[in-house]
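Trainee: what follows is a predicted structure for the sequence shown.
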Amino acid sequence: MLAAFITLFAIIIISLIITRIATIALTLTGISREVARFQARSALTGAGFTTSESEKMMNHPVRRRILMLLMLVGNAGIVTVIASAILVVANAGSDNIEVQGLVIILGLTCLLLLTKSTWVDKRLSRLITIALRRWTDLETSDSASLIYLGGDYQVSELEVSPEDWLAEKTLADSKLADEGLLVLGIQKPGGKYIGAPVATTKIMDRDVLLLYGRGGAIQELDRRRRGLRGEVAHVEAIAEQQRVVDEQEKEHGQEDEMNQDEE
């Protein structure tokens with residue numbers, strides 16, 4: 001009987017951990033946490049939702065491998081959970097069935113509280129992220145592309161970490177506009193959204209910035225850390241943006257000359 005209970009709760013805990021690992025792994029490939037969590041749970045349970053996000057999952061080779069592994073684990077795990085639950089009930093005597101049911105309910109309640117714990121979530125996520133970045137070759141990123149526009153331009157989300165170059169800077173200090181990046185909005189950890197940030201708005205840890213600009217510039221900003229190297233990277237990004245602007249002006253000038261010749 002004890003073995004059946006241990007098996008049941010162990011499988012549930014492992015399933016929760018696997019879902020968390022998959023969620024973080026998908027997030028590291030450049031999608032938002034909400035989409036990653038939804039897709040991970042859908043794959044593990046075999047729900048099979050068809051959405052535009054699902055198409056992005058299947059078109060990305062790394063994400064596709066993660067979801068396929070989740071589907072295989074989910075099929076085996078769900079069957080095992082059901083079998084373990086049946087085993088617990090079958091081995092329970094008629095006099096103890098209420099006690100066994102109560103133990104199951106209390107155990108599941110404790111697991112649910114653990115999954116809802118912010119303290120547990122933060123530390124477990126940090127450990128999983130470190131492990132994935134160290135022992136896998138995932139293309140990691142804290143930015144999530146939302147809208148792809150013409151050329152390399154896009155609208156993306158970027159989550160700020162304490163070690164990031166942006167952390168604790170005001171928008172005026174960051175001079176992101178000189179890099180060709182515009183901050184369209186800032187999502188605060190508590191749920192507050194700043195839809196029209198001003199120059200004095202301060203960027204803090206765990207803020208999620210809604211950015212517009214070149215994809216390469218956003219990815220470089222995502223990798224930039226505090227210190228002298230970060231400041232040097234900022235200067236280089238400004239120079240790169242100026243080069244892009246000069247090329248665009250040159251192309252426009254050539255187009256204008258061609259139009260005048262045709263006229």
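Mentor: Cool, the structure landed. Every value quoted in this text rests on a predicted model; they were computed, and no experiment measured them. Numbers count the residues shown, from 1 in each chain.

Trainee: contacts and neighbour counts: CA atoms only from here.
Mentor: Will do.

Trainee: residue contacts, the nearest residue to Ala196 once chain neighbours are set aside?
Mentor: Of all residues not flanking Ala196 in the chain, Gly185 sits nearest, at 5.9 Å (C-alpha to C-alpha, 6 or more residues apart in numbering). By C-alpha atoms under 8 Å, 6 or more residues apart in numbering, the contact set of Gly185 is Tyr193, Ile194, Gly195, Ala196, Pro197, Leu209, Leu210, Leu211.

Trainee: for the fifth one, which non-adjacent residue is spatially closest?
Mentor: The shortest distance from Pro197 to any residue other than its chain neighbours is 6.2 Å, reached at Gly185 (C-alpha to C-alpha, 6+ apart).

Trainee: out of the contacts of Gly185, which are buried?
Mentor: Among these, those that count as buried by neighbour count (16 or more other C-alpha atoms under 10 Å) are Pro197, Leu209, Leu210, Leu211.

Trainee: ok, so of the contacts of Gly185, who is nearest Ile18?
Mentor: Nearest to Ile18 among the contacts of Gly185: Leu209, at 28.4 Å, using C-alpha to C-alpha.

Trainee: now whichever strand or helix holds the closest one: mean pLDDT?
Mentor: If you go by DSSP states H and E, Leu209 is part of strand 208-214. In this model, strand 208-214 carries a mean pLDDT of 91.

Trainee: so which bits of whichever helix or strand comes after it are buried?
Mentor: Once the chain leaves strand 208-214, the next helix or strand it forms, by DSSP H and E, is helix 215-223. Residues Gly215, Ala217, Ile218, Gln219, Leu221, Asp222 are the ones in helix 215-223 that count as buried (16+ other C-alpha under 10 Å).

Trainee: and helix 215-223, what does it pack against?
Mentor: Packing partners of helix 215-223 (3 or more C-alpha pairs under 8 Å, 6 or more residues apart in numbering; DSSP states H and E): strand 143-148, strand 153-159.

Trainee: and the ones you listed, which one averages the lowest pLDDT?
Mentor: Confidence, taken as mean pLDDT, is least for strand 143-148 of these (a mean of 60).

Trainee: packing partners for the helix or strand Phe38 falls within?
Mentor: Using DSSP H and E, Phe38 sits in helix 33-45. On a contact count with 3+ C-alpha pairs under 8 Å, 6+ apart, helix 33-45 meets helix 2-28, helix 61-91.

Trainee: could you chop this structure up by domain?
Mentor: 2-135, 143-255 (automatic domain parsing).

Trainee: where among those is the average confidence lowest?
Mentor: Mean pLDDT is lowest for domain 2-135 out of the domains of the chain, coming in at a mean of 67.

Trainee: so where do the strands sit in the stretch 151-263 of the chain?
Mentor: Using DSSP state E, counting those that start in this stretch, the strands of the stretch 151-263 of the chain run over 153-159, 182-187, 193-194, 208-214.

Trainee: got the ones you listed as a markdown table, with distance to Met258 columns?
Mentor: As requested, the strands of the stretch 151-263 of the chain are exported to a markdown table (distance: least, C-alpha to C-alpha, whole Å):
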| stretch | distance to Met258 |
| --- | --- |
| strand 153-159 | 26 |
| strand 182-187 | 32 |
| strand 193-194 | 45 |
| strand 208-214 | 28 |
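
Trainee: which one of those lies nearest to Gln260?
Mentor: Taking C-alpha to C-alpha, strand 153-159 is the member of the strands of the stretch 151-263 of the chain nearest to Gln260, at 29.2 Å.

Trainee: in its sheet, what does the closest one sit against?
Mentor: When pairing is defined by DSSP bridges, strand 153-159 lines up against strand 143-148 (antiparallel), strand 208-214 (antiparallel).

Trainee: with that, I have no additional questions.
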